[in-house]
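In: Provided below are the primary sequence and the corresponding predicted coordinates.
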Amino acid sequence: MSGSTDYIFSNTQNLKELERLQAIEQIFDQKTRERILTTGITEKWQCLEVGAGAGAIAKWLATVIGDSGKVIAVDLDTRFLAKIQSSNIEVLEADFCRLALESQSFDLIHARCLLIHIRDFQLALSKMVDLLKPGGWLVIEEPDFSAAKAIAGDSQMCQSVDQVNLAIEKMFADRGTDYALGAKLPEILQKYDWQKLSVENDAPVSPGRSGIAKMMKMSAMQLTEKYIATGKASYSDVDNYCLFAEDPNTQAIYHATVGVIAQK
C-alpha cells in the first residue's frame, strides 16, 4: 500500500485482516495469474509487486521467474510478508510513491486493489510506467464499486445493501479517492504510449456464502464504524448487509473488477 492516503484497513486486527487478505487471494489469484501469464513472463524477469498484501502473488511470481529472476514486494504494511524466505524475493516496507527504484528496471509490474486507496493515484501510475523497461508489462486490477447492487433477496435486506453501497461510495469520497476508479482506469491509461493494451471487466452476480460475499462481509465487519460515519448507513443496515451476504438465496454484484494488461 501507499501512504499517500489513509488506508481504510490500516487499523484492523492482525488475524481478521489476514483472513480478509487470504480471502481476496482465494477469490482473485487465479484470474490474476492468468492475466500475468499473457505477458509471456519467463525466467530472469525482474518483477515488482506493489501492495503485496499477504504475499501469494509475489511467491507465485518467484516460482515462475526462477532463481535467475527477482521479485520486489512492496507494501506500506509488511506484517504478513515477514515469513517469506524465498531467495529471489525482496520485501520492502515503504510508501511506493516515495520509494527510490531505478527507472526502466522491471519487466513486469503488478498491482491489485491498490490505486483505489491512493489520493494521487496518477503519481503512482506514472511511477510504475517509468519503472518499466521498454517492452515491459503493466498488469493492474482495480475494483469498480459503482457496479455494486443487490439483485435478489428480502426487500429490507436489499435496501440495506443499497445503503451500505452508498456508504462505501461516501467513505472513499471523504478520503479523496474514487470508488469507481476501476471503470475509469482504461481511459486514464490511454494517455500513455503502449504497444499493446487490453481491458477485462468482471462483474459476476454472486450468491450469498460465495467467496466474494464472505469477503465483503469481512470488510463490512471491519469497517462498520467508517460506514456509519458517512451518514449513509445505520448499524442495522450493516447487520442486514452481513445477513444478506450469508444467505445462499440472495444474489448481488458486490463490485466489478477491471483488469488492464499493457505493454510499454
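Out: Received it, and whenever you're ready, just let me know what you need.

In: now the strands: where do they sit in this protein?
Out: 46-50, 70-75, 89-93, 106-112, 132-144, 149-152, 196-202, 206-207, 251-253, 256-263 (DSSP state E).

In: now for the ones you listed, which one comes closest to D178?
Out: Between D178 and the strands of the chain, the tightest spacing by C-beta to C-beta is seen for strand 132-144, at 9.5 Å. (Each C-beta comes from the backbone N, C-alpha and C, glycine too.)

In: ok, the closest one: who's next to it in the sheet?
Out: strand 106-112 (parallel), strand 256-263 (antiparallel) (DSSP bridges).

In: Pull out the buried residues from stretch 179-194.
Out: For stretch 179-194, the neighbour count (16 or more other C-beta atoms under 10 Å) marks 179-183, 185-186, 188-189, 194 as buried.

In: Stretch 79-90 now?
Out: Across stretch 79-90, burial judged by 16+ other C-beta under 10 Å covers 80-81, 84, 86, 89.

In: So for D239, which of the strands of the chain sits nearest?
Out: With C-beta to C-beta as the criterion, D239 lies closest to strand 149-152 of those, at 14.9 Å.

In: Count the neighbours of K133 for me.
Out: K133 sits with 15 neighbouring residues when counted by other C-beta atoms under 10 Å.

In: my guess is it contacts S103, does it?
Out: No. Using C-beta atoms under 8 Å as the test, K133 is too far from S103 to be in contact (9.4 Å).

In: picking up where we left off before, turn the buried residues of stretch 79-90 into CSV, including pLDDT and distance to E43.
Out: Listed next are the buried residues of stretch 79-90 as CSV, based on pLDDT from 0 to 100; distance: C-beta to C-beta, whole Å:
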residue, pLDDT, distance to E43
F80, 90, 27
L81, 91, 23
I84, 89, 20
S86, 91, 15
I89, 97, 15
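
In: Check those residues and tell me the two furthest apart.
Out: Between any two of these (C-beta to C-beta), the greatest distance is 14.7 Å, for F80 and S86.

In: Just give me the closest of the buried residues of stretch 79-90 to A220.
Out: Distances from A220 to these, taken by C-beta to C-beta, are shortest for F80, at 21.0 Å.

In: What sits closest to the closest one if chain neighbours are left out?
Out: Leaving aside its chain neighbours, F80 sits nearest to A54 (4.5 Å; criterion: C-beta to C-beta, 6 or more residues apart in numbering).

In: how about the one you found, what does it touch?
Out: Under the criterion of C-beta atoms under 8 Å, 6 or more residues apart in numbering, the contact list for A54 reads 18, 21-22, 25, 80-81.

In: burial count for the closest residue to D178 other than its chain neighbours?
Out: Excluding the flanking residues, the one nearest D178 by C-beta to C-beta, 6+ apart is F172, at 6.4 Å. Residues lying near F172 (other C-beta under 10 Å) number 20.

In: Assess the claim that F172 and I116 are in contact.
Out: Yes. Shown here, F172 and I116 form a contact pair, counting by C-beta under 8 Å, at 7.2 Å.

In: so where is the protein shaky, pLDDT-wise?
Out: Low-confidence segments of the chain, defined by pLDDT under 70, span residues 1-13.
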